[in-house]
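1. this one's structure only:
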């Protein structure tokens, strides 16, 4: 698909009451343009990933909004697909560059959620779900709790297994200065945290977050300096499934994620064993376990104990295992935070930084191939990208 | 850009209280797929143009929503850019097909507006505008009234000139069974209708409408039957401007429309004189006058009297003029109605039907090249497409 990443940036994620969406975006865009070493005038189009600006903020038309703010009058549009809005915006950027109509484009993901009452945010988020489930009073924790129960029943997954996802991702986040929760937690703390929707506890859930992330995509890049590493997007795949979980045959897998990843591996001409580092959509701890299996990193029912044994944790390789896949080095949605429209873009920023070797304390040594997995709603949309160092 | 239209359909536009967005979309998609002569399984991606489903209807995630409804599990996303959402969705579809990642895609535009209180709709629509203007209490009629006053002052445009746009478009709509207002009006009726925002009266304004439209786009088509006409999209251009009108140098032109149309003419390798038929964004009568000038169909200050003389009206050619451009044969936003996310798609459906010669009573004889002009907000986004019969 001949698309390279020229620059990538993410804001601090958290409760950023003092920062407007405008300012959040301004900073990440400036930083990614700076990294890219291009002038603003090279940006030929803007794709904005966002879900809730209209519903919560009364501001739609975000494409033109940010194009104006950046002093650009270029083509711009907002892309929405619930919590997969960011991943879809990257996909749209890939289509734009691959089409030949645009050479260099900016992809921005942004969400401002913490200025609103939690019940308003929860209601707005259910806009990603099915009518019937929304009307029945379901929330996303409840829907993922159903998946967790099904997985526990079928594969013997335990609450401690779930907790170990949170423990790993909080450990990674403790190495990430941009994280909303840059501290470690213990299995005991997770298990003792208040129940949100049994078996999911507070520390099994990703938080409500403000944040932004940006990428500059361009036609296959020629390295202009000897030291500049070239990172290509070698797969960009999307799939959909029913909005409601009630319509699905199996609650222990997300069919859209399975289909998107199969397509992505095919596009890239590689398999799950070739992935060194991955950012997956751990909106709830069970979601990471299911993702590990949907992406074929582990066989069905085998991911939970592997995660529990630390196989996907930084430093995990040193434990003498042969696995070389480290997952959610950023801290994942769980501990970095989940500003929904920004998440899918931030995942790619994290993998890009890993592949150019600039992840600092959370660097996966020698990482050359990375994957991102971004999910909308309870799995109605899935977006998988694969990045590769040239 | 190697993109052809295989099928196109629009629903009845109007106050469709008895019809859900789901049913509106189902019908236009079925009809466009039927026309295209393809099976559903050939549809590889879905692009949905919509602005207000989240804000007014509590339902986001429309890409997956409609993909599910159609029994497709293909890649899908919603595209938003205020009243230009439909045009932007077509642009995204063009990028998708041009990219080579997808061969055949479905573009759907849809909006359901009349189930809500007018003041809720007016507030939601202002999400397309600038913070400052929204907070100052501006509405879109007020902003376009400012443009009308500026145009009257600079070019001597009169209230009767404005009214003549409504008269023409209502006449066209009287030939269109899908129109919300399929009846004629007189200059006197327009001038005597209640003032909304002086100088704009009720009959200068497009209405609040429910409706949907769909297109099937594919890689350059090979005619499979002798009689099948091949219609190509030969230009797809987008430009943006400031969200607020206060930041603009000149209120008598929309810079985004000027820039998008220049780019479109360049892509198509043709000029304004080559256009036989156009659908332009007449959200208010003044908008059509400004569009005529922005698209270079007439010199600055010359469009109003040309429209008044019937030069862009069906049958206008027979009046002995040399102009061969007929505008808003559908009836325009003014008289067909303006379901915001559907409008930009419906414009292309109208031009497609003109170019294949199936516009019935509103057919522009021999039309071979057509243009669409779709505007978001008060001109912050403009999308111009040019279609050509092969």
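-> Looks like it came in fine. Nothing here was measured: the structure is a model prediction, and the numbers come from that model. Residues are numbered from 1 along each chain as shown, chains lettered A, B, ... in the order given.

2. for residue A:122, which non-adjacent residue is closest in space?
-> residue A:139 (5.6 Å; C-beta to C-beta, 6 or more residues apart in numbering or on different chains). Quick note: C-beta positions are derived from backbone N, CA and C, even for glycine.

3. which residue ranges of the stretch 201-350 of chain A form helices?
-> Under the criterion DSSP state H, counting those that start in this stretch, the stretch 201-350 of chain A contains helices at A:255-268, A:285-294, A:303-308, A:332-336, A:340-355.

4. can you give me how far the third one is from the chain middle?
-> To tie it back to what came earlier, the one meant is helix A:303-308. Distance, stretch centre to chain centre, for helix A:303-308: 20 Å (C-alpha atoms, centre = their mean, to the nearest Å).

5. tell me who's in contact with residue A:364.
-> If you count contacts by C-beta atoms under 8 Å, 6 or more residues apart in numbering or on different chains, residue A:364 has them with A:276-277, A:314, A:326, A:329, A:354.

6. the same query, at a cut-off of 10 Å, please.
-> The contact partners of residue A:364, by C-beta atoms under 10 Å, 6 or more residues apart in numbering or on different chains, come to A:276-278, A:314-317, A:324-327, A:329, A:351, A:354-355, A:357, A:370.

7. which bits of the stretch 151-300 of chain A sit near chain B?
-> Neighbours of chain B within the stretch 151-300 of chain A, by C-beta under 10 Å from any C-beta of the partner chain: A:236-244, A:247, A:255-256, A:259-260, A:263, A:267.

8. and the residues you listed, which are buried?
-> Burial by neighbour count, judged by 16 or more other C-beta atoms under 10 Å in any protein chain shown, picks out A:236-244, A:255-256, A:259-260, A:263, A:267 from those.

9. need the max-distance pair from those.
-> A:244 and A:267 (29.0 Å; C-beta to C-beta).

10. that's a helix at residue A:79, yeah?
-> No: for residue A:79, which was evaluated using DSSP: H, G, I helix; E, B strand; the rest coil, the result is strand, with no helix membership.

11. what are the boundaries of the strands in the stretch 51-200 of chain A?
-> Secondary structure of the stretch 51-200 of chain A (DSSP state E, counting those that start in this stretch): strands located at A:76-80, A:104-111, A:195-197, A:200-201.

12. which secondary structure elements does the last one contact?
-> Using 3 or more C-beta pairs under 10 Å, 6 or more residues apart in numbering or on different chains; DSSP states H and E as the contact criterion, the secondary-structure elements in contact with strand A:200-201 are helix A:140-155, helix A:159-173, helix A:187-192, helix A:285-294.

13. run the chain-centre distance for the last one.
-> What it means is helix A:285-294. Helix A:285-294 has its average C-alpha position 13 Å from the chain's average C-alpha position, going by C-alpha atoms, centre = their mean.

14. cool, the second one as well?
-> Once both centres are worked out by C-alpha atoms, centre = their mean, helix A:159-173 turns out to sit 17 Å from its chain's centre.

15. mind checking how far residue A:365 is from chain B?
-> 33 Å (C-beta to the nearest C-beta, to the nearest Å).
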